[in-house]
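>>> With the input below, show me the fold.
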Amino acid sequence: MANTKSAEKAARQAEKHRARNVALRTRMRSAVRNVSAAITGGDKAAAQATYQAAVPVIDTLVNKRIIHRNKAARHKSHLAARIRAMH
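Model (predicted):
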């Protein structure tokens with residue numbers, strides 16, 4: 001339990017930030033899942049379109065420092081490689 005007014009405010013802010021970060025991380029995971037589903041479906045054009053939509057979502061989380069840039073690069077690289085491997 002917070003002992004000071006500033007600690008109470010910090011606790012309130014932390015809860016708001018946590019809720020926002022959870023929502024953004026969920027959005028990123030959904031975007032990655034959509035690309036994977038399109039790849040599994042076998043439609044290369046749809047996979048590329050969903051990948052192009054997912055990249056800005058992933059990059060936004062890096063800019064907001066919610067995920068590490070290496071994690072974002074890994075996601076993008078793996079998805080792009082899977083799309084390139086499609087025929």
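>>> Next up, phi/psi of the residue sitting nearest the centre point of the chain, please.
The centroid of the chain falls nearest to M28 when counting by C-alpha atoms, centre = their mean (2.5 Å). When read as degrees, to the nearest 10, the backbone of M28 gives phi -70, psi -50.
>>> For R12, see how far away it is.
25 Å (C-beta to C-beta, to the nearest Å). Any C-beta I mention is one placed from the backbone N, CA and C, and that applies to glycine too.
>>> Then Q48?
With C-beta to C-beta as the criterion, Q48 and R12 are 43 Å apart.
>>> cool, and G41?
44 Å.
>>> Then R33?
In terms of C-beta to C-beta, R33 sits 32 Å off from R12.
>>> how many other residues sit next to the closest residue to L61 other than its chain neighbours?
Among residues not flanking L61 along the chain, I67 sits closest, at 4.6 Å (C-beta to C-beta, 6 or more residues apart in numbering). Neighbourhood size, I67 [other C-beta atoms under 10 Å]: 18.
>>> List the residues that contact I67.
Applying C-beta atoms under 8 Å, 6 or more residues apart in numbering, we find I67 in contact with 25, 28, 58, 61.
>>> Kindly report the same for T26.
T26 neighbours (C-beta under 8 Å, 6+ apart): none.
>>> Against N63, how distant is it?
From T26 to N63 the distance is 17 Å (C-beta to C-beta).
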